[in-house]
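[1] return a 3D structure for these sequence lines:
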Amino acid sequence: MKKFLIFTLASLLFCQISFAQEVEKLPTQSFYLEIGGAGLPYSFNYDFRFDKEKMDSWGMRIGVGGYTVSGGESFFSAPIMVNRLYGKGPHYFEFGVGATFLAFSNDDYTYCSNWYYDQDGNYVCNSYESDPYSFILDIDGSPSVMGTLNFGYRKVPVDGGFTWKININPIFNNNGFWPLYGGVGLGYSF
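    Predicted coordinates:
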């Protein structure tokens, strides 16, 4: 009986030690630069899984991108997307749906919408208007929103580190739908 009790206590202690060992943390978060994709020209993004225990689960990405060039043209974008990963590490299929908020300034792209020649033959413009801004699809004004979808491949190492992705990102707004826009992302998962 004494040996049985010692064996039972030793077994419980061994089980307790094995369960107390730290469970390996999955890389459920990542930072990456995406060229093209939901951020439109490019964006810096933070992506995370809602369930910290599973990689093949729902998550979200939030980003920011934009540019300014001489001549007054500037563009700002902020993609927000809910996404789902399917598969087993390190290879995942990614599906997402979201919106990209954007703002722009195109001061150089104005034209005269109402003009005439005066009695001396001089050109006179009564009012100026901006050309509609376009990024793949026409955009009616600033600020604006463009809908985005995401279908792609994401490689996330099982212990974290360098990650990359390639996507097809259909975009849409009230002026149309463009199914063949894409993106490539490079980053770090942890």
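[2] okay, now the unreliable bits of the chain?
    1-24, 71, 106-113, 126-133 (pLDDT under 70).
[3] what about the strands in it?
    29-36, 42-49, 58-68, 73-88, 91-106, 110-117, 123-130, 133-135, 137-139, 144-155, 161-168, 171-173, 176-178, 182-189 (DSSP state E).
[4] list of residues touching the first one?
    Residues lying outside strand 29-36 but in contact with it, judged by Cβ atoms under 8 Å, 6 or more residues apart in numbering, are 41-49, 63, 156, 163-165, 169, 181-190. Backbone N, C-alpha and C define where each C-beta goes, glycine included.
[5] just the buried residues out of those residues, in ChimeraX syntax.
    If you want just the buried ones from these in ChimeraX, going by 16 or more other Cβ atoms under 10 Å, the selection is:
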select :42,43,45,47,49,63,156,163,165,169,181,183,184,185,187,189
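[6] dig out what Asn173 forms beta bridges with.
    Using DSSP bridges, the beta-bridge partners of Asn173 come out as Gly176.
[7] that one: neighbour count?
    By the measure other Cβ atoms under 10 Å, the count of residues near Asn173 is 20.
[8] got it, and Pro157?
    Residues near Pro157, counting by other Cβ under 10 Å, number 13.
[9] my read is that it contacts Pro27, right?
    Yes - taking contact to mean Cβ atoms under 8 Å, the distance of 6.8 Å between Pro157 and Pro27 places them in contact.
[10] what's the overlap in contacts for those two?
    Taking Cβ under 8 Å, 6+ apart as the contact criterion, the residues that touch both Pro157 and Pro27 are Thr163, Ser189.
[11] who does Ala103 bridge with?
    When assigned by DSSP bridges, Ala103 has beta-bridge partners Phe76.
[12] okay but it is in contact with Val145, surely?
    No - in this structure, Ala103 sits apart from Val145 without contact. The criterion is Cβ under 8 Å, and the distance is 10.5 Å.
[13] quick one: contacts for the residue nearest to Gly59 when sequence neighbours are not counted?
    For Gly59, ignoring the flanking residues on the chain, the nearest one in space by Cβ to Cβ, 6 or more residues apart in numbering is Arg49 at 4.2 Å. Shown here is Arg49, whose contacts under the criterion Cβ under 8 Å, 6+ apart are Leu26, Thr28, Gln29, Met55, Ser57, Trp58, Gly59, Leu85.
[14] just give me the neighbour total for the nearest residue to the last one once chain neighbours are set aside.
    Counting by Cβ to Cβ, 6+ apart, Leu85 lies nearest to Tyr92, which is 4.2 Å off, once chain neighbours are set aside. Close neighbours of Tyr92, defined as other Cβ under 10 Å, add up to 20.
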